[in-house]
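Participant: what follows is a predicted structure for the sequence shown.
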Amino acid sequence: MTVLSKTLPFSCYELGHCWEPVCSKASFEICIISFIESCKIYGVVYLASESLWNTAKEYGYARPIPQGEILVFAGAMTILGYYFRSEKPLSRMINTILQFILGLGESGYMVQSRQASVASLSGTPCTKDLSWREKLVELFRTKHATCPHERGCLLYFAKNACKGFINGFLLQLAVNVLPYLPRLIRTPSTVLKILRNHRNTEAGLFVAWFTCVFKSMCCVGRWWDGTEYPYHGALAGALSAFGMYFYSAPSLASYILWKTFEGLYENGCNAGYLPRIPGSVEFLYCLSTGYLFHTCIIDCRNLKPSYRRFLGQLTWQRIFQYNRHLLNPYGFESGKGFEDYWPNYDLTKVSEAVKVMGP
């Protein structure tokens, strides 16, 4: 911000740290505040790509893609689905999450275990020699020898669809209830409003589609090839991702995409195909956080409310005390949303031009 103030005809006090005229005091204050808040906040801030995309759309650098998050999610799940059913998962954390959602039965470790046990049995029917019509009939009648479920595949599909819908509905319901807990004690009738929230149903449909289609495609692959292959997981992941049609979640798609890139990079480094860059995680964290701050100052509208709350918490709301109106004449719309705000300056330390612009 100091560099920007050298370009514009305003001091950094007039434009940036409007709550404190002395640069060193303002910097030290923000440093202490950020340290305190950083001790409370855990997790990784990825390159909030969503904000970058929103900014590119706002200024005409990119065209919006209707429901583009589905394509992003499908691409990531194609890779993650393949590795989920392989011996070595791409990301241990993502693999654990998928095991929690999809169960251990379809994971790569269990696939290898089942293949070993089936291979040791004599007289196992070879479904690969059946015609596609016969395979389709058997798919609806019974289960494959390597299927992890006990009863027929059709019942397996229906069971996962129902279970997925209930889990998704309850999970979204819990997310909706938490912010209203104090109000629920005073007005219990608010429960009905929360229950009727359409996002509950959408989340249920998303999880139902995701779990049912993924497991169903794994069953289809077993019947089609007579055994299990990792590529079944790739196809299952791609098709299951279209459940996001019911429940739009760009942040989830972006997070999964970057975790996939992270896993691919890590595997490439371990295999010796890619160089391991020292401090790359720290650099990515700094770049991501810096971009969020930049976007919050230049055009706060392109940030999600959760990101704005994060930056506000991180700086004890100092980030919203910038004088964004001074940037409006330079092609930005930074002042939108802050029309009624003007810093409480020490008038002895600001220029006459800024005094004239004030309320």
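Facilitator: All right, it came through fine.
Participant: so which elements touch the helix or strand hosting Glu266?
Facilitator: Per DSSP states H and E, Glu266 falls inside helix 250-271. Applying 3 or more CB pairs under 8 Å, 6 or more residues apart in numbering; DSSP states H and E, one finds that helix 250-271 contacts helix 49-58, helix 68-84, helix 92-102. C-beta: built from backbone N, CA, C; applies to glycine.
Participant: for Glu29, which of the ones you listed is the nearest?
Facilitator: helix 49-58 (25.7 Å; CB to CB).
Participant: what is the neighbour count of Tyr109?
Facilitator: Counted by other CB atoms under 10 Å, the residues lying close to Tyr109 total 15.
Participant: report the contact partners of the nearest residue to it once chain neighbours are set aside.
Facilitator: Closest residue to Tyr109 apart from its sequence neighbours, by CB to CB, 6 or more residues apart in numbering: Glu87 at 7.5 Å. Shown in contact with Glu87 (CB atoms under 8 Å, 6 or more residues apart in numbering): Gly108, Tyr109, Gln112.
Participant: what about those residues, which are in helices?
Facilitator: Among the contacts of Glu87, the residues falling in helices (DSSP state H) are Gly108, Tyr109, Gln112.
Participant: include pLDDT when you put those residues into a markdown table, please.
Facilitator: Shown next, in a markdown table, are the ones in helices among the contacts of Glu87 (pLDDT from 0 to 100):
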| residue | pLDDT |
| --- | --- |
| Gly108 | 76 |
| Tyr109 | 77 |
| Gln112 | 74 |
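Participant: wait, which of these is closest to Phe293?
Facilitator: Gly108 (40.6 Å).
Participant: isn't that closest one right up against Phe84?
Facilitator: Yes. Here Gly108 reaches Phe84: they are 6.4 Å apart, a contact under CB atoms under 8 Å.
Participant: more neighbours: which of these two?
Facilitator: Neighbours per residue (other CB under 10 Å) separate Gly108 from Phe84, with Phe84 holding more: 27 against 19.
Participant: thinking again about what came up before, now the residue nearest to Tyr109, what's its secondary structure?
Facilitator: Under DSSP: H, G, I helix; E, B strand; the rest coil, Glu87 falls in the coil class.
Participant: give me phi/psi at it?
Facilitator: phi -70, psi -40 (degrees, to the nearest 10).
Participant: ok, it to Pro250 distance?
Facilitator: 32 Å (CB to CB, to the nearest Å).
Participant: helix 250-271 and the longest helix belonging to the chain, what's the angle between them?
Facilitator: Criterion DSSP H: the longest helix present in the chain is helix 198-225. Between helix 198-225 and helix 250-271, the angle comes out at 40 degrees (axes from the mean of the first three to the mean of the last three CA atoms, to 10 degrees).
Participant: just the C-alphas of the next helix or strand after helix 198-225, formatted as CSV.
Facilitator: Past helix 198-225, further along toward the C-terminus, the next helix or strand under DSSP H and E is helix 230-240. Provided in CSV are the C-alpha atoms of helix 230-240 (Å, rounded to 0.1, in the frame of the first residue of the first chain):
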residue,chain,number,x,y,z
PRO,A,230,-8.2,-48.2,-11.2
TYR,A,231,-9.7,-46.7,-14.3
HIS,A,232,-13.2,-47.7,-13.0
GLY,A,233,-12.6,-45.1,-10.3
ALA,A,234,-11.7,-42.4,-12.8
LEU,A,235,-14.9,-42.9,-14.7
ALA,A,236,-16.9,-43.2,-11.4
GLY,A,237,-15.3,-40.0,-10.1
ALA,A,238,-16.1,-38.0,-13.3
LEU,A,239,-19.7,-39.0,-13.4
SER,A,240,-20.3,-38.7,-9.6
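Participant: which strands and helices lie in contact with helix 230-240?
Facilitator: Looks like helix 230-240 contacts helix 68-84, helix 198-225 (3+ CB pairs under 8 Å, 6+ apart).
Participant: can you list these in a markdown table and add mean pLDDT and distance to Pro179?
Facilitator: What follows is the helices and strands packed on helix 230-240, written out as a markdown table (pLDDT from 0 to 100; distance: least, CB to CB, whole Å):
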| stretch | mean pLDDT | distance to Pro179 |
| --- | --- | --- |
| helix 68-84 | 91 | 24 |
| helix 198-225 | 91 | 13 |
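Participant: returning to what we had before: what comes up buried for the helix holding Glu266?
Facilitator: The neighbour-count criterion (16 or more other CB atoms under 10 Å) identifies 250, 252-260, 262-263, 267 as the buried residues of helix 250-271.
Participant: one step back: please tabulate the contacts of Glu87 in a markdown table, including the columns distance to His198.
Facilitator: Formatted as a markdown table, those follow (distance: CB to CB, whole Å):
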| residue | distance to His198 |
| --- | --- |
| Gly108 | 36 |
| Tyr109 | 38 |
| Gln112 | 42 |
